[in-house]
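>>> dropping a prediction and its sequence here:
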Amino acid sequence: MPIYEFYCEDCNTIFNFFSRRVNTEKIPVCPRCKVKKLKRLLSPFNTLRSEARGDSDNPDVNIDESKIMNALSYLEKHSDRIDEDDPRQAVQLMRKFTEMAGLDLGSKWQEALDRIEAGEDPEAVEADMGELLDEEISLLAQKKNISKRKALPPRRDEKLYEL
């Protein structure tokens, strides 16, 4: 009894569908939008490798797979050492990760990280700057000719739907 993953571009959400038998043909309608058909996802490994070669809709977007993999490895090794009560440690890890991965967070994100590193409450910084940070993600995405939904990681709907 397989479980299939499907992605909704409009919702920027990944949904899981359970099937009582192998079914490679059926494409469900989005449980949230109820309108658009979803896109069947490949395994995470295949998805990462295909995205690393560039996006067919946006051929100018290139990801250095080795940088990303090294940064993820570093993150995995060091994330368990973070004290959850010290947000500054998380900021330092995030800075190191983005540097290693070659990612540009933008000036507003840098400001938010600076404020947290200076001791401000992360929730207060988010309340104060949340809309600005979302706008900056949109601007960076437009600058790189990619959509906001591709700039933000998709949400995962934890509910299991029937195919």
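The structure has been received and is ready for your questions. Numbers count the residues shown, from 1 in each chain.
>>> residue 126: neighbour count?
Residue 126 has 12 neighbouring residues, counting by other C-beta atoms under 10 Å. Every residue, glycine included, has its C-beta placed from N, CA and C.
>>> what's the answer for residue 156, then?
When neighbours are defined as other C-beta under 10 Å, residue 156 has 11 of them.
>>> my guess is it contacts residue 13, does it?
Yes. Checked against C-beta atoms under 8 Å, the pair residue 156 and residue 13 is within contact range at 7.2 Å.
>>> helices and strands of the chain: which one has the lowest mean pLDDT?
helix 44-52 (a mean of 40; mean pLDDT, DSSP states H and E).
>>> just checking, what packs against the following helix or strand past that helix?
From helix 44-52 onward toward the C-terminus, using DSSP states H and E, the following helix or strand is helix 65-79. If you count contacts as 3 or more C-beta pairs under 8 Å, 6 or more residues apart in numbering; DSSP states H and E, helix 65-79 packs onto helix 44-52, helix 87-101.
>>> low-confidence ranges in this protein?
For the chain, applying pLDDT under 70 flags the ranges 1, 42-65, 136-152.
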